[in-house]
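Novice: kindly generate the corresponding structure for this input.
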Amino acid sequence: MPLIHRPTRVTNNTASIIDNILSNWHNIDCISGILPCDISDHFPIFNIISLKSSPVNFTSQFKYIREINELTISNCSSMLSNIDWSNTLDCFDGDTSYN
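Specialist: Sure, this is the predicted structure:
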């Protein structure tokens, strides 16, 4: 079920719901909404779920974790320092820089 029901991208000529939050939980106590903002052409969206009213039983056979320790931080720093960032840092166009 979609939790956002109003447009999240509005221009002078169009309004569309292209950003959404979907949930398969029914009858839960939650607050969803849109934060009007001029920083982007998409409005930020949010959802706050009250876990008091709906007990949650998460069962999964997989557990995904990210180990953060001195070795992984050192490896990440090493990989980042080996990247040539000059094309990104010297570019003044956001789209070109992103690409």
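Novice: which strands and helices lie in contact with the helix or strand of the chain with the lowest mean pLDDT?
Specialist: Within the chain, no helix or strand scores below helix 94-98, which has a mean of 83 by mean pLDDT, DSSP states H and E. Packing partners of helix 94-98 (3 or more C-beta pairs under 8 Å, 6 or more residues apart in numbering; DSSP states H and E): none among the helices and strands. For glycine as for every other residue, the C-beta is placed from the backbone atoms N, C-alpha and C.
Novice: would you mind listing the buried residues in that helix?
Specialist: For helix 94-98, the buried set under the neighbour-count rule, 16 or more other C-beta atoms under 10 Å, is empty.
Novice: what's it in contact with?
Specialist: Outside helix 94-98, the residues that touch it by C-beta atoms under 8 Å, 6 or more residues apart in numbering are N87, T88, C91.
Novice: quick one: contacts for S32?
Specialist: L3, I4, I21, I45, F46, N47, I48.
Novice: how far away is the third one from P44?
Specialist: Going back to what we said before, that points to I21. Between I21 and P44 the distance, using C-beta to C-beta, to the nearest Å, works out to 11 Å.
Novice: what sits opposite F46 in the beta ladder?
Specialist: G33 (DSSP bridges).
Novice: now do the contacts for it.
Specialist: Contacts of F46 by C-beta under 8 Å, 6+ apart are S32, G33, L35.
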